[in-house]
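Trainee: output the structure for:
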Amino acid sequence: MASDSDHLQRLEDLGARHHNWVLRCRGRLASGDPFDLILFRGFSSSTSHSTATDADAPLLRAGDQLETIEILKAPLQPGVEQVLEPAMAPETFWPTLAARQPWTDPP
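Mentor: The predicted structure is shown next:
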């Protein structure tokens, strides 16, 4: 099973190839607090908690749990989100996209 950091790296790679997608990841930090990450054009950013200033430091640490990944249409507009692929567990997300080879945009 892939680690959550491995999932994030794969998601950053995926986002770098699909400029019209915003990937939103949600889960729980080891402390139990929820987290929300946004990935766009290969870059990830936390919208819920502070992170290290080192861009090479992982956003998720041991004990943090990635629970869902969803695809939104980019660019994001305040108050309006167009969901291209609903939130799903990482274990479901990758096979769902693999079935869309060669990486076509969701309907």
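
Trainee: check the burial of residue 44 by counting its neighbours.
Mentor: Using other Cβ atoms under 10 Å, residue 44 has 20 other residues around it. All C-beta atoms are positioned from the backbone trio N, CA, C, and that covers glycine.

Trainee: bridging residues for it?
Mentor: Residue 44 forms beta bridges with residue 39, as assigned by DSSP bridges.

Trainee: ok, it - contacts?
Mentor: Residue 44 sits next to 8, 11-12, 37-38, 59 when contact means Cβ atoms under 8 Å, 6 or more residues apart in numbering.

Trainee: longest helix of this structure?
Mentor: If you go by DSSP state H, the chain has its longest helix at helix 4-17.

Trainee: helices or strands up against the helix or strand following that helix?
Mentor: Once the chain leaves helix 4-17, the next helix or strand it forms, by DSSP states H and E, is strand 21-28. In terms of contacts (3 or more Cβ pairs under 8 Å, 6 or more residues apart in numbering; DSSP states H and E), strand 21-28 is packed against helix 4-17, strand 34-40, strand 65-73, strand 83-88.

Trainee: angle of strand 21-28 against strand 83-88?
Mentor: Following axes from the mean of the first three to the mean of the last three Cα atoms, to 10 degrees, one obtains 20 degrees for the angle between strand 21-28 and strand 83-88.

Trainee: mind listing what's buried in strand 21-28?
Mentor: Of all the residues in strand 21-28, those buried under the rule 16 or more other Cβ atoms under 10 Å are 21-27.

Trainee: list of residues touching that strand?
Mentor: Applying Cβ under 8 Å, 6+ apart, the contact partners of strand 21-28 are 4, 7-8, 11, 14-15, 34-40, 60, 64-76, 84, 87, 105.

Trainee: buried ones among the residues you listed?
Mentor: Among those, those buried by neighbour count (16+ other Cβ under 10 Å) are 4, 7-8, 11, 14-15, 35, 37-40, 60, 64, 66, 69-74, 84.
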